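> here is the input, now give the coordinates:
(chains A and B)
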Amino acid sequence: MKLEELLHQTYGFTSFRPGQKEIIEQVIAGRDVIALLPTGMGKSMCYQLPAYVLPGSVLIVSPLLSLMQDQVAQLKKMGEKSVVALNSFLKREDKEKIWQTLNQYRFIFISPEMLVQPFVKRQLEQLTISLLVADEAHCISQWGFDFRPDYLRISEILPALGHPQILALTATATAKVTNEIKTYLKISDPFIYTHPMDRKNIAYDIKRFENTGEKLQWLQEFVRKFEGPGIIYAGTRKKSQELAALLNESGISAAYYHGGMEHQDRIFVQQQFQNKELEWVCSTNAFGMGVHIPDIRHVIHYQLPTSIEGYVQEVGRAGRDGKRALATLLLAPGDEGLMESIVLEDLPTKNEIYEVHQSHDPKRLISDGIVRETAYRVVDYWLKQLTVEETYKQIEMLQQEKMKQAGKIKKLVTITSCIRQYLIESFDQELDQKPESCCVNDWIDYEVFELRNETGKKRDLLSWQNRLNALLPL
Amino acid sequence: MLFDELVITIMKSINLERTLSAPYHIIKGKKSGQTIQDIGYYHLHPYFALMPKLEKKVYDQTVRSLIDQKYIRFNEDVIDLTEQALAMPIPSSNLNGWKYRGNEMIFFNRLSLVVQTLSHTSQSVNKFDPIDNSDVIQAWVKRYLKAIQFRKLASVSKFKSEILDSLLAVALSDDHKNTLMQRLSGFGRSGMTWEQIADVQGIQVLDAQLRVIEALHAWLEVIEEKRYPFLHAMKVNIVELSSLTESTRRTEKLFKEGYSLAEISSIRHLKSSTIEDHFVELAMNDPLFDYSAFLSPELYGEIIKISQAEQTKRLRNIKDKVPAASYFQIRLALAIREDAQ
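Numbering: from 1, shown residues only, chains lettered A, B, ... in the order given. Predicted coordinates for the structure are as follows:
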């Protein structure tokens, strides 16, 4: 059967999105594949469809709980019922049930830390796994912006699974990271698909200010002038709340969104954004996953992003409909220092390394607040491979690498040449052709962006009877 | 009832006898001997476990603001209410925390997903992002929807009229019902965050949350009484059969098998003070509790007399007057239900 027919029969789509077909063909042909596909380009289809051709189950290793939940939700939304998610938040009685029926699932999602538990390993050994998917595979890179030590241990389980074929998926990876993926997942001769990073319909703007007051004033004028929908990325939860309050005061309908909110409130903000009740969402980098809004016109970074990869991902949420979108980065004195301190914040300190090294019960250090959990995971990994002195050195090197990462962002806001070109080259790709409206250092056509015509609607509660009728209109 | 009013209401009952953090443990539903006993001594059942997720720092903020507003005098040891607070009328409320213990949210989470599903499917939309991502709730709702034949519009309209009828029968302000309904969402109809609701109504986030809890408690009573079939089915397994904590139930079982307090303590590898807590909890809950193994009727009478005469439930005050009694005996005597004797 032709792949298009299978796609139509299984999921009701009539055509593939760019890149999907090439990747799926290679997966079905039995080849290991590394695929670099931007988020929102239908990464999951690359293993969903092969699952209907390959004899066994597909095991998807997913580094972030929220991401895993989102993917499971998306799969279920597409009508896929044979899905199970294994993570440490499962209740014991649910786990028992799942172990007994594990072989019946077509898609098994698992967190990397669970993957290497001996019990789990024994369970998985008894299954036929046709394909192992390493999602967000860039997390394997020790030098990357998102390193998860547990990811390095995927290779440990490969023999137990009978060396299944591998599909490594990521939205962002430089040539260096691609090589690391090859090494750590023991893929010798993969098919590598690289999607062009460049998004022609997005123009890159940078605005410089003398101080924070000016920045805020510009922001208020901008949101009053231009029509949304748009996302404003703030560096911290607190800042996202402050910005949303500021916008609301200026008569703009806005809400904040961050990981500290309860689940229902987060869904409500997504609903409001999707239903066009909100013009702007002020958010930390938590916003984006699970949000599928094609017509976002503006992405504003109120503070400097902490990596080029993160920046490109966040900007990439704009203009999914192919129409023109604008990415604006705001810069005031002090922002670079703030960004640098955030970049280094996650790294283990010398003292944390020392404490973990000395302790007999390092988990205790986390609960006592002496060592942070993120830092612990990194230190623990390195102390198992290296002596404590070597670990200090390793972390120092990591620090230098992080500073390089920060340096790339600093360069982004200082260069006078084309920003598009700079971004593309950061991913070891070449810019083939520039759009006319390109970036602040070339030229940006602001005329195409619609001016705001509506005044913010005042929010009010419906009477409960009217609301009930609106929810169930029959 | 506003959150401030809730805190003051609880504080009035335990004024000068308990610390400032006691109301927090009650509202959060801490299952410690002390908190469970306080519920019984001071008849605070309506307020137990209203907000199991309440954060201490949020509660502390409320207390600080009550001090600033001169409702509470600063006192290191105990709650010390001002005249202004003592004169404040206690707002009427149909809260029933002891019965629901935060489980009313299970009912509401089921309801949210059912309404969201029906809102979409009845308008021929079959895909949406579920409002609740818990596997347990999703699995429950799936079974429920099948059972009520949710694809039939007749089911949906019956379901809707049950909500309408039962909510009409709830004796609460429209503010309560509007808030509750705004936390439900459906096709093209977004819900509102707590903060947005609070802004619109000019109240605090905690007030809005408490409003929904009040609405749910009152609504659940109506549903139970009138047995609306669709809604009644949605509240299965949310009320614990016995109000005893799990551990106390095990102690009770051993006691009925004839083991003594000391023996139970050694069998269960628990401190005897913990087992004492269990007996106090038993005494509070069981009108037929037989205290004779721990306390003579004379001593019981003496403790109660002092407590009433001195108008206190503070253990130390009573112990000063009845030195023969142990603290456990005093706690037990105070816990025994008045209707039992």
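> tell me where chain A has strands.
Secondary structure of chain A, counting by DSSP state E: strands at A:33-36, A:57-61, A:83-86, A:107-110, A:129-134, A:165-170, A:191-194, A:202-208, A:230-233, A:254-257, A:280-283, A:287-290, A:298-301, A:325-331.
> can you list the strands that the third one pairs with?
For strand A:83-86, sheet partners with direction are given as strand A:107-110 (parallel), following DSSP bridges.
> dump the strands of chain A into TSV; add mean pLDDT and mean neighbour count as well.
Quick note: C-beta positions are derived from backbone N, CA and C, even for glycine. TSV is the format used below for the strands of chain A (pLDDT from 0 to 100; neighbours: other C-beta atoms under 10 Å in any protein chain shown):
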stretch	mean pLDDT	mean neighbour count
strand A:33-36	93	26
strand A:57-61	94	24
strand A:83-86	90	21
strand A:107-110	94	22
strand A:129-134	94	24
strand A:165-170	93	25
strand A:191-194	92	17
strand A:202-208	97	20
strand A:230-233	96	25
strand A:254-257	96	27
strand A:280-283	96	26
strand A:287-290	69	20
strand A:298-301	97	23
strand A:325-331	97	23
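> the ones you listed: which one's closest to residue B:140?
Across the strands of chain A, residue B:140 has its closest neighbour in strand A:83-86 (17.4 Å, C-beta to C-beta).
> gap between that closest one and the chain center?
Mean-position distance between strand A:83-86 and its chain equals 20 Å (C-alpha atoms, centre = their mean, to the nearest Å).
> now do stretch A:81-93
22 Å.
> give me the distance between the two termini of that stretch.
20 Å (C-alpha to C-alpha, to the nearest Å).
> one more: stretch A:248-267?
End-to-end for stretch A:248-267, by C-alpha to C-alpha: 20 Å.
> before we move on, the earlier item: can you put the strands of chain A in CSV and add distance to residue A:375?
Listed next are those as CSV, based on distance: least, C-beta to C-beta, whole Å:
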stretch, distance to residue A:375
strand A:33-36, 29
strand A:57-61, 23
strand A:83-86, 26
strand A:107-110, 24
strand A:129-134, 24
strand A:165-170, 24
strand A:191-194, 33
strand A:202-208, 33
strand A:230-233, 25
strand A:254-257, 27
strand A:280-283, 25
strand A:287-290, 24
strand A:298-301, 26
strand A:325-331, 29
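> so which of those strands is nearest residue B:143?
Closest among the strands of chain A, once you apply C-beta to C-beta, is strand A:83-86, at 18.0 Å.
> okay, the closest residue to residue B:259 other than its chain neighbours: pLDDT?
Nearest non-adjacent residue to residue B:259, counting by C-beta to C-beta, 6 or more residues apart in numbering or on different chains: residue B:267, 6.7 Å away. Reported pLDDT at residue B:267 in the predicted model: 89.
> and residue B:77, by the same measure?
pLDDT, residue B:77: 87.
> contacts only, for the nearest residue to it once chain neighbours are set aside.
In space, and not counting its chain neighbours, residue B:77 is closest to residue B:19: 7.0 Å by C-beta to C-beta, 6+ apart. By C-beta atoms under 8 Å, 6 or more residues apart in numbering or on different chains, the contact set of residue B:19 is B:77, B:78, B:79.
> and residue A:421, by the same measure?
A:431, A:434.
> quick one: pLDDT of the closest residue to residue A:140 other than its chain neighbours?
The shortest distance from residue A:140 to any non-neighbouring residue, by C-beta to C-beta, 6+ apart, is to residue A:151 (4.5 Å). pLDDT, residue A:151: 81.
> which residue, other than its chain neighbours, is closest to residue 103?
The chain I'm using is chain A. residue A:127 (5.4 Å).
> not quite, go with chain B.
residue B:238 is the one closest to residue B:103 (C-beta to C-beta, 6+ apart), at 4.2 Å.
> secondary structure element for that neighbour?
Following DSSP states H and E, one finds residue B:238 outside all helices and strands.
> quick check: it touching residue B:108?
No: checked against C-beta atoms under 8 Å, the pair residue B:238 and residue B:108 is beyond contact range at 9.8 Å.
> what's around the closest residue to residue A:419 other than its chain neighbours, how many residues?
Nearest non-adjacent residue to residue A:419, counting by C-beta to C-beta, 6+ apart: residue A:439, 3.9 Å away. Neighbourhood size, residue A:439 [other C-beta atoms under 10 Å in any protein chain shown]: 23.
> bridging residues for residue A:439?
Going by DSSP bridges, residue A:439 forms beta bridges with residue A:204.
> that one touches residue A:420, doesn't it?
Yes: the pair residue A:439 and residue A:420 qualifies as a contact (C-beta under 8 Å) at a distance of 5.3 Å.
> what's the first helix or strand after the helix or strand harbouring residue B:309?
Here residue B:309, judged by DSSP H and E, is contained in helix B:297-310. Following helix B:297-310 in sequence order, the next helix or strand is helix B:315-321 (DSSP H and E).
> now do the buried residues in the helix or strand following that following helix.
Using DSSP H and E, the helix or strand that follows helix B:315-321 in sequence is helix B:327-335. By 16 or more other C-beta atoms under 10 Å in any protein chain shown, the buried positions in helix B:327-335 come out as B:328, B:329, B:330, B:331, B:332, B:333, B:334, B:335.
> what about the helix or strand where residue B:247 lies, near chain A?
Using DSSP H and E, residue B:247 falls within helix B:246-256. No: Helix B:246-256 is not in contact with chain A by C-beta under 8 Å from any C-beta of the partner chain; minimum separation 15.6 Å.
> in chain A, which helix or strand is least confident?
Within chain A, confidence by mean pLDDT, DSSP states H and E is lowest for strand A:287-290 among all helices and strands, at a mean of 69.
> where are the low-confidence patches of the stretch 151-300 of chain B?
For the stretch 151-300 of chain B, the stretches flagged by pLDDT under 70 are B:240-243, B:287.
> for residue A:65, give me its contacts.
So residue A:65 contacts A:87, A:89, A:111 (C-beta under 8 Å, 6+ apart).
> now chain A, which segments are flagged as low pLDDT?
Using pLDDT under 70, chain A drops low at A:1, A:40, A:142-147, A:289-290, A:454-457.
> spell out which parts of it neighbour chain B.
So chain A meets chain B at A:69, A:73, A:77, A:91, A:94, A:255, A:261-265, A:267-272, A:274-275, A:277, A:290, A:459-465, A:467-468, A:470-474 (C-beta under 8 Å from any C-beta).
> pull out the buried residues from these.
Buried among those by 16+ other C-beta under 10 Å: A:69, A:73, A:255, A:261, A:264-265, A:267-272, A:274, A:277, A:290, A:461, A:464-465, A:467-468, A:471-472.
> longest helix of the chain?
Because you didn't say which chain, this covers chain A. Longest helix in chain A, counting residues (DSSP state H): helix A:388-412.
> meant chain B actually
Per DSSP H, chain B has its longest helix at helix B:205-226.
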